[in-house]
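A.B. asks: predicted model and sequence follow; I will ask about them next.
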Amino acid sequence: MKILHIHTKMVSGGIEAIVCNLVNEMSKSHDVTLCTIFQPTEDDVFYRKLDNKVKKITIGKKHFGFSIKEIWKIYRVISRGHYDVVHIHGCFQYYFLAIALLHSKVRFVYTIHSDARKENQAWDWRLFKLKKYMFNHRWMLPVTISEVSQKSFEDLYHCQSHLIFNGIAKSQIDSTLNNVIDGLRKTKNTKIFIHAGRISEPKNQLVLCKVFNQLITKGNDVVLVIAGSPEEKAIYESIKPYFSERIIYLGERNDIADLMSHADAFCLPSLWEGLPVTLLEALSVGCIPICSPVGGIVNVIESGKNGLLSKDSSESEYFKTVNRFLNMTDEERVSMKEEALKSFAKYDIKNCANQYLKVYSE
């Protein structure tokens, strides 16, 4: 099968991690090409993680803004490539011309990586009626990534979607290597919490920092490690005053799973989510997740078994949930860690890729 995946760019992020894992897995048995809309740069972390079997092309966009030239270039890439399947990962405005002209010749698959409403950006809303028409007439096949995501899609578009949970490759951790996390423990009893994600509004990092500032002020032996690019400068500036020897910002990292494998818990008090890749990475190494009940997170975590869920994303409720973790016994934490590891099997990239290939062959 000849498959083309298209995404804007391969910077550090959840969608980019999914795309990278998918194309790498599919390239083992199919002819796979990845096309980026933006010209790849040094910041494209996941571009460097693509397998050599994956063919790489780009539209060559260098600046933000929207141009009809890009729509035409994408149409030409698809029409000249003679692909069996074109898999789109958001930003509908770039593809509507190609879908309109080529849907009878090419199978288009479109993954909604978040809540269906929040997935629509400014241009997508302007083209919403056309997008809805294409979904309803199966000019492009919609895929959602969690039960919550699927419901939001069906409520908005009034048609069904394929449900395929996100997947990642299980991380291979070398436990013999020194890890930066180990050097951050103040005592043998210090509990290390890690948060990984772009510094942005949906990740709710300000609440996270306030919660740990409270815990530290009350004398708890804890350290919070934050890893992620400062995408929204205003959010970054709001959390910067909280940085200390116990609230540590590491910046953008490409070894998140390694860091998680040495931490005690993974923190994600998000305001909204799709199905976060960082959560799956935490499960893959048995790092206990402490999350807010948003998006597909509620389909992954059974609170009290393979992780903990707060009642909502507020500071008070998230504080209570982290405290609940701190009050657990060592035996309870070991059991929860084992359950987290077990629950990862459902989200292995092999299962995810195979389900997509079934949709491609529909």
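C.D. replies: Sure, I can see it.
A.B. asks: and Leu224, that one's in a strand?
C.D. replies: Yes. Remark: Leu224 belongs to a strand, assigned using DSSP: H, G, I helix; E, B strand; the rest coil.
A.B. asks: how about it, nearest residue that isn't a chain neighbour?
C.D. replies: Phe212 (4.3 Å; C-beta to C-beta, 6 or more residues apart in numbering). Glycine gets a C-beta too; all of them are placed from N, C-alpha and C.
A.B. asks: ok, that neighbour - contacts?
C.D. replies: With contacts defined as C-beta atoms under 8 Å, 6 or more residues apart in numbering, Phe212 is in contact with 193, 222, 224, 242, 246-247, 322.
A.B. asks: neighbours of Tyr236, just the number please.
C.D. replies: When counting by other C-beta atoms under 10 Å, one arrives at 16 neighbours for Tyr236.
A.B. asks: typo on my end, Met260
C.D. replies: Per other C-beta under 10 Å, the neighbour tally for Met260 reads 29.
A.B. asks: just to revisit the earlier point, what about the residue nearest to Leu224, which helix or strand?
C.D. replies: Assigned by DSSP states H and E, Phe212 falls within helix 205-217.
A.B. asks: average pLDDT across that helix?
C.D. replies: In this model, helix 205-217 has a mean pLDDT of 98.
A.B. asks: pull the CA atoms of the lowest-mean-pLDDT helix or strand in the chain into CSV?
C.D. replies: Here the helix or strand of the chain ranked lowest by mean pLDDT, DSSP states H and E is helix 122-126, holding a mean of 87. Presented in CSV, the C-alpha positions along helix 122-126 are these (Å, rounded to 0.1, in the frame of the first residue of the first chain):
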residue,chain,number,x,y,z
ALA,A,122,-10.1,29.9,12.7
TRP,A,123,-9.9,28.8,9.0
ASP,A,124,-11.5,25.4,9.8
TRP,A,125,-14.6,27.2,11.2
ARG,A,126,-14.8,29.3,8.1
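A.B. asks: ok, back up a step: considering the contacts of Phe212, which possesses the most neighbours?
C.D. replies: Within those, most neighbours by other C-beta under 10 Å means Leu224, with 28 neighbours.
A.B. asks: pretty sure that one is touching Tyr249, no?
C.D. replies: No. Using C-beta atoms under 8 Å, Leu224 is not in contact with Tyr249, being 9.5 Å away.
A.B. asks: list the buried ones in stretch 258-277?
C.D. replies: 258-270, 272-277 (16 or more other C-beta atoms under 10 Å).
A.B. asks: and that stretch, how far out from the chain's middle?
C.D. replies: Its chain's C-alpha centre and that of stretch 258-277 lie 10 Å apart, by C-alpha atoms, centre = their mean, to the nearest Å.
A.B. asks: cool, and stretch 91-109?
C.D. replies: 24 Å.
A.B. asks: now do the same end-to-end measure for it.
C.D. replies: Counting by C-alpha to C-alpha, to the nearest Å, you get 13 Å between the two ends of stretch 91-109.
A.B. asks: same question, stretch 136-145
C.D. replies: Start and end residues of stretch 136-145 are separated by 19 Å (C-alpha to C-alpha).
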